[in-house]
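>>> Give me the fold of what follows.
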Amino acid sequence: MSGSIWDYRPSVGDAAGADLVGFAVEATDGHIGKVDKHSDEVDAAHLVVDTGVWIFGKEVLLPAGTITRIDRAAETVHVNRTKAEIKDAPEYSTSGADGSAGSRQQVGAYYEGFPLI
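Sure thing, here's the model as predicted:
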C-alpha cells in the first residue's frame, strides 16, 4: 500500500485523474451505492458515496486506500471493507468548505484501524 489510507494503492491502476462519479461501489459483501464525489487531492484522495436507501440516504467517505480495483468497463469501484464496516464508520459531514477536515480525520483514523486486505 502507498504512504497512507488517503493514497491510492499502486495495484488499483489508473485512478488519479479519472472521473469516477456515477460508478457503482461494491464492498466485499455487496453493493453499497454510487460515487457522488471523487477527489484526487494529494494525501487526501477519497470518494464520497451516496448510499441511497441502504443506510437511509447517508453519504459515506471512503479513503482512496480502501479501493482495491476500478473496473472501467463495468463502471464499478471495489473496496476492501464490508457493508457493516462502512455502515459503522464515523458520519461524514459534507458541510463547510472542505467537507470538514475534522470529520475526514475521524474517518481516516477509523479505516486505518483495519488490517490491510
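>>> Output the longest strand belonging to this structure.
strand 30-39 (DSSP state E).
>>> could you check the angle strand 30-39 makes with whichever helix or strand comes after it?
Once strand 30-39 ends, the next helix or strand along the chain (criterion: DSSP states H and E) is strand 46-50. If you take axes from the mean of the first three to the mean of the last three C-alpha atoms, to 10 degrees, strand 46-50 sits at 130 degrees to strand 30-39.
>>> Pull up the pairing partners for the helix or strand that comes right after strand 46-50, direction included.
Sequence-wise, the next helix or strand downstream of strand 46-50 (DSSP H and E) is strand 59-63. Note on strand 59-63: by DSSP bridges, its sheet partners are strand 46-50 (antiparallel).
>>> Now do the strand it pairs with, average pLDDT.
Averaged over strand 46-50, pLDDT sits at 91.
>>> buried stuff in that strand?
Judged by neighbour count using 16 or more other C-beta atoms under 10 Å, the buried positions of strand 46-50 are 46-50. Placement of C-beta: from N, CA and C, glycine included.
>>> on that earlier part again, contacts for the longest strand of the chain, please.
18-26, 45-52, 54, 59-60, 77, 79, 83, 86 (C-beta atoms under 8 Å, 6 or more residues apart in numbering).
>>> next one: stretch 81-88
27-30, 32, 54-55, 60, 62, 66, 79, 111, 114.
>>> low-confidence ranges in this protein?
Residue ranges of the chain with pLDDT under 70: 1-3, 13-16, 54-56, 93-101, 115-117.
>>> hmm, back to that, going by distance to E91, which of the contacts of stretch 81-88 wins?
For the contacts of stretch 81-88, the closest approach to E91 (C-beta to C-beta) belongs to V60, at 8.4 Å.
>>> Alright, I will stop here.
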